[in-house]
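Novice: build me a model:
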Amino acid sequence: MGQTKLPGNRERVVSSANLQLVDRSLLNKHFNIDRDMGLQLRHHFAIGKNFIVEESLAMSQGEGRNVVQENLGGYQWTGRIEVLPFGKFKGDYTGGALRREESPKLAIGATYDFNNAVKDKSNQGSYMLIDEGASYFQTTVNSIFVDAMFKYQGFSLMAEFANRDSENPIAMNSDDSKTGDVVQVGNGLNLMSGYLFDNNIELTGRYTVIKLDKAITEEDLETQYTIGISKYFKGHKLKVQSDISYLTVENNGTSVLMYRMQFDVHF
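Specialist: Numbering: from 1, shown residues only. The predicted model follows:
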């Protein structure tokens, strides 16, 4: 009970301190449902010796992080189910294969989120105002996440798919004129894989594609390719990470090359 991360996409639930690259992907930027105030119930059970099923249910305020006094829209409901067919492992929500699993480990999860939202990214993004700021535009927003994490020895693979849609994605004033605000509806795909060598240097590659509904958002296909290298001195608690990304945006012909490097220490 309180404020914490909702059981949304896997990459967002992974702690910022335990990321495999310098930062999270564009899928997380566009689609994640982050934190909210509310109540969460979690349960797990085993089928046979190793097959684990984990369930999560959250009822929350639907306004996003650090909003504690008002409920401008309706409430948000989030449900997630996850299966671990080869048993539990501690690396299912940690970037990289630092634990060097001796046998193959796999976690597959799916989340459905429903929100009576007044923001353009469910409980994230900007408020959608109507009638020159006199009130808020409210609509139902549905988010779906499907993801997987696989690890074996020094190899890791994470895959995520995200989808957001809305019953009424275009914000309208009381006189049926458009406000200019829209719900960011569309799909995203994120694939990331890496290999950790015996000297604790890891090479990682990531491919991310974002496809928003151009008829609604006036935005189009974003594709990003990232290559990273990390040196772990004391796991994620002491590391140096660097990556380079190439981003293309199809509708306006934009291309961007980005380089990042960070030294991370935490305790």
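Novice: which non-adjacent residue is nearest residue 212?
Specialist: residue 186 (3.6 Å; C-beta to C-beta, 6 or more residues apart in numbering). All C-beta spots, glycine's among them, are computed from the backbone N, C-alpha and C.
Novice: the helix or strand of the chain with the lowest mean pLDDT: how far from the chain's middle?
Specialist: Counting by mean pLDDT, DSSP states H and E, the chain has its least confident helix or strand at helix 214-217, which shows a mean of 86. From the chain centre to the centre of helix 214-217 is a distance of 22 Å (C-alpha atoms, centre = their mean, to the nearest Å).
Novice: for it, C-alpha coordinates in CSV please.
Specialist: Taking C-alpha atoms only, helix 214-217 is exported to CSV below (Å, rounded to 0.1, in the frame of the first residue of the first chain):
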residue,chain,number,x,y,z
LYS,A,214,0.0,8.9,-37.4
ALA,A,215,-3.6,9.8,-38.1
ILE,A,216,-4.0,10.8,-34.5
THR,A,217,-0.5,11.9,-33.3
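Novice: strand partners (parallel or antiparallel) of the helix or strand containing residue 264?
Specialist: Using DSSP states H and E, residue 264 sits within strand 254-265. As defined by DSSP bridges, the strand partners of strand 254-265 come to strand 238-249 (antiparallel).
Novice: one step back: report the beta-bridge partner residues of the residue nearest to residue 212.
Specialist: Beta-bridge pairing for residue 186 (DSSP bridges): residue 164, residue 212.
Novice: how many residues are close by it?
Specialist: Using other C-beta atoms under 10 Å, residue 186 has 21 neighbouring residues.
Novice: now residue 38
Specialist: Residue 38 has 19 nearby residues by other C-beta under 10 Å.
Novice: then it would be within a helix, right?
Specialist: No. Membership of residue 38 in a helix is not supported by DSSP: H, G, I helix; E, B strand; the rest coil, which gives strand.
Novice: how far away is it from residue 195?
Specialist: Note on residue 38: its distance to residue 195, by C-beta to C-beta, to the nearest Å, is 39 Å.
Novice: again, but for residue 179
Specialist: Residue 179 is 49 Å from residue 195, where distance means C-beta to C-beta.
Novice: go on, residue 155?
Specialist: 5 Å.
Novice: so what sits against both of those two?
Specialist: Contact criterion C-beta atoms under 8 Å, 6 or more residues apart in numbering; residues bridging residue 155 and residue 195 by contacting each: residue 97.
Novice: give me the pLDDT value at residue 122.
Specialist: Here the pLDDT value assigned to residue 122 is 94.
Novice: likewise for residue 151?
Specialist: Looking at residue 151, its pLDDT reads 98.
Novice: which residues does it contact?
Specialist: By C-beta under 8 Å, 6+ apart, the residues touching residue 151 are 89, 91, 97, 99, 101, 104-105, 157.
Novice: among those residues, name the buried ones.
Specialist: Those of these that meet the buried threshold are 89, 91, 97, 99, 101, 105, by 16 or more other C-beta atoms under 10 Å.
Novice: need those in CSV with distance to residue 267, secondary structure and pLDDT, can you?
Specialist: Output for those, formatted as CSV (distance: C-beta to C-beta, whole Å; DSSP: H, G, I helix; E, B strand; the rest coil; pLDDT from 0 to 100):
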residue, distance to residue 267, secondary structure, pLDDT
89, 24, coil, 93
91, 20, coil, 92
97, 22, coil, 95
99, 19, coil, 94
101, 25, strand, 95
105, 27, strand, 97
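Novice: spatially, which two of those residues are the most separated?
Specialist: Farthest-apart pair in those is 89 and 97; separation 10.6 Å (C-beta to C-beta).
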